[in-house]
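In: Please work out how this folds:
(2 chains)
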Protein chains: 2
Amino acid sequence: MLTNPRAQRVKSVRALGRRSARERAGRFVAEGPQAVREALAFAPGTVVEVYAEPGVAERHADLLTAAAAAGVPVHETSPEVLSAMAGTEHPQGLIAVCRPVDVPLAQALGPDPRLVVVLTNVRDPGNAGTVIRCADAVGADAVVVSAASVDIYNPKVVRSTAGSLWHLPLVRGVEIEQALEACSARGLRVLAADGAGSTLLPQVDLTGPHAWVMGNEAWGLEEAVRERCDDVVRVPIHGHAESLNLAMAATVCLYASAGAQRGPS
Amino acid sequence: MLTNPRAQRVKSVRALGRRSARERAGRFVAEGPQAVREALAFAPGTVVEVYAEPGVAERHADLLTAAAAAGVPVHETSPEVLSAMAGTEHPQGLIAVCRPVDVPLAQALGPDPRLVVVLTNVRDPGNAGTVIRCADAVGADAVVVSAASVDIYNPKVVRSTAGSLWHLPLVRGVEIEQALEACSARGLRVLAADGAGSTLLPQVDLTGPHAWVMGNEAWGLEEAVRERCDDVVRVPIHGHAESLNLAMAATVCLYASAGAQRGPS
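Out: Take a look at the predicted model:
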């Protein structure tokens, strides 16, 4: 059992809380049974190793079986060491060190995408993770997180995705122009979601293939990006609320898309 | 200018971060320009006093004009005192001490409600606040927060509502049975939103008057509550996501209601 919170291995894992260390090591950390289970189920080849407190094996036997099947080593770890590895958050007795899951833009979009989400300048980890989770829930083909956004391997993003990080193709680090060009080239209608949009969501025909572009929490989309889109769409506000937050707006838009493309099922 | 962070007045305001102190004093704190502006615009009679850092007057002159018009005293306060009053959070230079805005159940529902939200056992302040914000955005008639839920005057709830706390009738402290009975008595169809529901959201006719009942983040609705409802409805999940979080599910349900009741505008 690993019991020394000051061991080099512990420091190395903990350092993965920082973006620079993640990029240097090509690793990130997934915390808690749900994340580790989804990683092992959907991308077992990307799980490098698992650290688990004593007793976790009993509570999550399926998970340790999956790790064994994937040839992923499981290290028994004292609660102190696990806390030290995960930093200040609550890892629920279990973490995994993982390799990145993002794929190149062309691969994520495929030849014939129907529904894609593009994030640009999204800074809040909870928002980014929630949008990825929602894109998964509506069965989107891919999420593209542009270069100017929060890192999708930030521990708070990973946690907010609730396992969806491993469920659908994710792209990161591309410039927004490149992302939009690739969407257009594949026949996707490019729709900006923006509280200042001139077109109301219920008036948009969402049955065809399209991409939603969502911007910064505070100031929305850059003018150049809005102009580049085929339409700028706003979610209707019927009461006195000034706006929706990014995750709420994304949820409304994406469920509208799923409803139009899939019908009432 | 108030400059002594240890003054009794400062301690009294800070204590309002705790539910027990809020209930004893009959006061709560709204932080930041947006919340204070909405409070002064929609319920000026409930604003007891405003504390503002030097310079805030210049940046938010409209707000101080509104305070003066409402006869609300504005105390210039050093940044240290404002931080001490607001606890650890960032009050953005401005707070208001307010009286509760909740109203009795009968008054909130009115004689002929169309769309109502009922929360029971909701524990996360961010979720509760976001649902109130969303209910406002769809123009719901009222939000009922049952006795077993987080306090709507918790500073994190207030912040998450982004001003919507003052925009629509809110009820708190009622038992869930009483809330559901009142909804039914007014002809509202009572719909439970639950990931384990048997009816898919797009298959529900939402054109008539109805109430959405939403439960705990982790375990959903109590069996007795589900049975009491006219239907138990789930938001469809098309991808691999296990679920939506409460705020996302509420957003999808409420926008579906608004779309059905108001049409494409």
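
In: rest of the way, CA atoms for contacts and neighbours
Out: OK.

In: need the residues of the stretch 1-150 of chain A near chain B, please.
Out: A:133-134, A:136-140 (C-alpha under 8 Å from any C-alpha of the partner chain).

In: quick one: which of these sit in helices?
Out: Among the residues of the stretch 1-150 of chain A next to chain B, DSSP state H puts A:133-134, A:136-137 in helices.

In: on that earlier part again, just the residues of the stretch 1-150 of chain A next to chain B now: which is nearest residue A:25?
Out: Set against residue A:25, the nearest of these by C-alpha to C-alpha is residue A:133 (25.8 Å).

In: Would you pull up the residue in the stretch 51-200 of chain A closest to chain B?
Out: The stretch 51-200 of chain A approaches chain B most closely through residue A:139 (4.1 Å), counting by C-alpha to the nearest C-alpha.

In: And for that residue, the neighbour number?
Out: Neighbour count for residue A:139, taken as other C-alpha atoms under 10 Å in any protein chain shown: 22.

In: Give me the phi and psi for it.
Out: Dihedral angles of residue A:139 (phi, psi; degrees, to the nearest 10) stand at phi 70, psi 30.

In: ok, for it, nearest residue in space, not its chain neighbours?
Out: residue B:239 (4.1 Å; C-alpha to C-alpha, 6 or more residues apart in numbering or on different chains).

In: Would you confirm that the one you found contacts residue A:140?
Out: Yes - counting by C-alpha atoms under 8 Å, residue B:239 does reach residue A:140; the two are 7.5 Å apart.

In: The two: who's more crowded?
Out: Neighbours were counted for residue B:239 and for residue A:140 using other C-alpha under 10 Å; residue A:140 has more, 23 against 19.

In: Spatially nearest residue to the more buried one (excluding sequence neighbours)?
Out: Distances taken as C-alpha to C-alpha, 6+ apart place residue A:115 nearest to residue A:140, at 5.1 Å, with adjacent residues excluded.

In: Can you name the residues bridging to that neighbour?
Out: Counting by DSSP bridges, residue A:115 forms beta bridges with residue A:210.

In: okay, now it: neighbour count?
Out: What residue A:115 shows, counting by other C-alpha under 10 Å, is a neighbour count of 27.

In: pLDDT wise, what is it at?
Out: What the model reports as pLDDT for residue A:115 is 98.

In: next one: the one 5 residues further on
Out: Predicted confidence (pLDDT) for residue A:120: 97.

In: tell me the contacts of it?
Out: A:145-149, A:176, A:213-216, A:221 (C-alpha atoms under 8 Å, 6 or more residues apart in numbering or on different chains).

In: Look at the closest residue to residue A:56 other than its chain neighbours and say how many residues are nearby.
Out: Nearest residue to residue A:56, sequence neighbours excluded (C-alpha to C-alpha, 6+ apart): residue A:93, at 6.5 Å. Applying other C-alpha under 10 Å, we find 20 residues neighbouring residue A:93.

In: could you dump the ones in helices among the residues of the stretch 1-150 of chain A next to chain B to TSV with neighbour count and pLDDT?
Out: Converted to TSV, these look like this (neighbours: other C-alpha atoms under 10 Å in any protein chain shown; pLDDT from 0 to 100):
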residue	neighbour count	pLDDT
A:133	31	98
A:134	29	98
A:136	30	98
A:137	25	98
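
In: how about the helices of chain A, start to end?
Out: A:8-15, A:19-25, A:32-42, A:56-59, A:61-69, A:79-86, A:105-109, A:125-137, A:155-160, A:176-185, A:223-228, A:246-262.

In: can you pull the buried residues of the shortest one?
Out: Right, helix A:56-59. A:56-57 (16 or more other C-alpha atoms under 10 Å in any protein chain shown).

In: contacting residues around that helix?
Out: A:63-64, A:93-94.

In: By neighbours, which of those wins?
Out: Of the contacts of helix A:56-59, residue A:94 is surrounded by the most neighbours, 29 neighbours in total, counting by other C-alpha under 10 Å.

In: wouldn't it be in contact with residue A:33 here?
Out: Yes - the pair residue A:94 / residue A:33 is scored as a contact, 6.3 Å apart, by C-alpha under 8 Å.

In: number of nearby residues for residue A:219?
Out: Residue A:219 has 10 nearby residues by other C-alpha under 10 Å.

In: What does the pLDDT read for it?
Out: Predicted confidence (pLDDT) at residue A:219: the value is 90.

In: cool, and the one 4 residues further on?
Out: For residue A:223, the pLDDT comes out at 95.

In: Check residue A:91 too.
Out: Confidence score, pLDDT, at residue A:91: 79.

In: ditto for residue A:99
Out: According to the prediction, residue A:99 has pLDDT 98.

In: Next up, the contacts around it.
Out: Residue A:99 sits next to A:26-28, A:46-48 when contact means C-alpha under 8 Å, 6+ apart.

In: Let's see that with 10 Å instead.
Out: If a contact means C-alpha atoms under 10 Å, 6 or more residues apart in numbering or on different chains, then residue A:99 has A:22, A:25-29, A:43, A:45-49, A:153 as its contacts.

In: now do residue A:154
Out: By C-alpha under 10 Å, 6+ apart, the contact set of residue A:154 is A:16-19, A:22, A:28-30, A:125-126, A:129.

In: mind putting these in CSV, neighbour count and pLDDT included?
Out: As requested, the contacts of residue A:154 are arranged in CSV below (neighbours: other C-alpha under 10 Å; pLDDT from 0 to 100):
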residue, neighbour count, pLDDT
A:16, 25, 97
A:17, 19, 95
A:18, 13, 96
A:19, 18, 96
A:22, 21, 97
A:28, 28, 98
A:29, 30, 96
A:30, 28, 96
A:125, 22, 96
A:126, 20, 94
A:129, 27, 97
